[in-house]
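J.: make a model of this:
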Amino acid sequence: MRVRVKICGVTTAEALDAAVQAGAHAIGFVFADSPRAVTVAQASRLAAGLPPFVASVAVFRRPSRERLAAVLASFPADRVQCDLQDRDRLPAEARERFLPVLRAGPQLDSQLETLLRANEGGQPAALLEGPHSGVGRTIDWDVAARVASRIRLVLAGGLTAENVAEAIRRGRPHAVDVSSGVESARGRKEPELIRAFVAAVRRAEASLSGGTLP
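T.: Down below sits the predicted model:
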């Protein structure tokens, strides 16, 4: 079982380098009201240092149509992450790169059915987290497992090096997403915590596959 890793809310070259060297598959750049927010210029400078196999993700939280268009015109990220209901606000050329966010709670089942209807015949990817982003709260991983049985799930919400193995064991996600769980202070990514998180994911993979990874 191979689990991909996204480090979200990167704001410095030091954190980005630590994520890449540790083996992260994607880096999230936040364009929302957050202590992890970056400007288009900052994101562009940081993303210029990404190797070809590491994806850039532009992360939004309920953006306007104008905000999406302005950012993506200057920062053509590999993926665009925002809530499922924001899809129609995306520029047409960005919709194939859309990574929708599903929210745990009473509306989850209807969101999941909407996503599946829009991707009939395929297995879509989506990120699942709690009602609020970036607050470090876990969701029910058994619920995540149910969602993961139907889509390629990116599991987010309160993950750390200490709990990600259990999250993977129970939730069986395609990928995991971490932000506050690799910070020494709110909005400040810590390279050592990034390395520890990715290492914990790799150990979880090895445990689930019954082997030992190099």
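J.: from residue 89, how far out is residue 64?
T.: Per C-beta to C-beta, to the nearest Å, residue 64 is found 7 Å from residue 89. All C-beta spots, glycine's among them, are computed from the backbone N, C-alpha and C.
J.: what does residue 190 give?
T.: For residue 190 relative to residue 89 (C-beta to C-beta), the value is 34 Å.
J.: how about the contacts made by the most centrally placed residue in the chain?
T.: Nearest to the geometric centre of the chain sits residue 177, at 4.1 Å (C-alpha atoms, centre = their mean). Contacts for residue 177 (C-beta atoms under 8 Å, 6 or more residues apart in numbering) come out as 6, 8, 28, 127, 129, 154, 155, 156, 159.
J.: lowest-confidence member of those, which is it?
T.: Ranked by pLDDT, those bottom out at residue 129 (94).
J.: that residue: neighbouring residues, count only.
T.: Each residue near residue 129 was counted by other C-beta atoms under 10 Å, and the total is 24.
J.: quick check: it vs residue 88, distance?
T.: Separation of residue 129 from residue 88 (C-beta to C-beta): 21 Å.
J.: returning to that earlier point: more neighbours: residue 64 and residue 89, which one.
T.: residue 89 (18 against 11).
J.: can you tell me how far the closest residue to the more buried one other than its chain neighbours sits from residue 88?
T.: Distances taken as C-beta to C-beta, 6 or more residues apart in numbering put residue 65 closest to residue 89, at 4.3 Å, once the chain neighbours are dropped. Separation of residue 65 from residue 88 (C-beta to C-beta): 9 Å.
J.: higher neighbour count, those two?
T.: Higher neighbour count among residue 65 and residue 88: residue 65, with 12 against 7, using other C-beta under 10 Å.
J.: what ranges do the strands span in this structure?
T.: Using DSSP state E, the strands of the chain run over 4-8, 26-30, 55-59, 79-83, 98-103, 125-129, 152-155, 175-178, 183-185, 188-189.
J.: export those to a markdown table and tack on distance to residue 36?
T.: Listed next are these as a markdown table, based on distance: least, C-beta to C-beta, whole Å:
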| stretch | distance to residue 36 |
| --- | --- |
| strand 4-8 | 8 |
| strand 26-30 | 5 |
| strand 55-59 | 9 |
| strand 79-83 | 13 |
| strand 98-103 | 15 |
| strand 125-129 | 14 |
| strand 152-155 | 17 |
| strand 175-178 | 12 |
| strand 183-185 | 9 |
| strand 188-189 | 8 |
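J.: these: which one's closest to residue 199?
T.: The minimum distance between residue 199 and the strands of the chain falls on strand 4-8, with 10.4 Å, by C-beta to C-beta.
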